[in-house]
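Colleague: Show me how the following folds:
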Amino acid sequence: MISKPMPDTQKTRQHWMSVMAKSSSDSLIKLSNVYMEQQEFEDIRPAEVGLTQIRGRMGGTGSQFNVGDMTITRCVVQSAKGHYGHSYIAGRDKNHAIRAAQLDAMLQDPTHQHSIIENIIQPLAHTLATQQAQKANNVAQTKVNFFTLVRGED
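Modeller: Residues are numbered from 1 along each chain as shown. Here you go, the predicted model:
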């Protein structure tokens, strides 16, 4: 039986799972094809599409309210070495969910971890950071600051 990850390991795993979930399916699959040639996985929970409800708060601190529903695809696989890989992907892309779960299982194995982080996770994280910076720059260009001038009258 595989033990629960330690807190630092858990944060590292959360990071790589987040990067894989947010990255484009094409990029993830293209970068990881080399690693999948000799790997075998058993489907514990085949990729399936479902719904989840999104909740929000006014101003980030107010009362919760339902924003709406969102489709997600989830998958669980087990590697030949006994590691379980999980994935939850926004949308309906089953191939993306399967590959993310397979890589999650492989990343838990120390023999593959460093290579996959270096050749897949870091390039994907860099791409995501670049896209986020471009989006922030585009939003900043359209920002309007409203202010009031005081006229000195009481």
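
Colleague: burial count for Gln132?
Modeller: 11 (other C-beta atoms under 10 Å). To be clear about C-beta, it is placed using only N, CA and C from the backbone, and glycine gets the same treatment.

Colleague: separation between it and Ile116?
Modeller: Distance, Gln132 to Ile116, using C-beta to C-beta, to the nearest Å: 22 Å.

Colleague: Quick check: Arg151 is in a strand.
Modeller: No - counting by DSSP: H, G, I helix; E, B strand; the rest coil, Arg151 is not part of a strand but coil.

Colleague: now the helices for the protein?
Modeller: Using DSSP state H, the helices found in the chain span residues 7-22, 25-36, 94-107, 110-116, 122-141.

Colleague: Deepest in the core, which of those is it.
Modeller: Across the helices of the chain, averaging neighbours per residue (mean count of other C-beta atoms under 10 Å) puts helix 94-107 on top, at a mean of 24.

Colleague: and it, what does it pack onto?
Modeller: For helix 94-107, the packing partners by 3 or more C-beta pairs under 8 Å, 6 or more residues apart in numbering; DSSP states H and E come out as helix 7-22, helix 25-36, strand 41-57, strand 64-79, strand 84-90, helix 110-116.

Colleague: Let me know the average pLDDT across stretch 43-58.
Modeller: Averaging pLDDT along stretch 43-58 gives 94.

Colleague: what's that stretch in contact with?
Modeller: The contact list for stretch 43-58 (C-beta atoms under 8 Å, 6 or more residues apart in numbering) reads 63-78, 84, 92, 94-95, 97-98, 101.

Colleague: Report the angle between the lowest-mean-pLDDT helix or strand in the chain and helix 94-107.
Modeller: Counting by mean pLDDT, DSSP states H and E, the chain has its least confident helix or strand at helix 7-22, which shows a mean of 90. Orientation check (axes from the mean of the first three to the mean of the last three C-alpha atoms, to 10 degrees): helix 7-22 against helix 94-107 gives 160 degrees.

Colleague: tell me what helix 7-22 is packed against?
Modeller: In terms of contacts (3+ C-beta pairs under 8 Å, 6+ apart), helix 7-22 is packed against strand 84-90, helix 94-107, helix 122-141.
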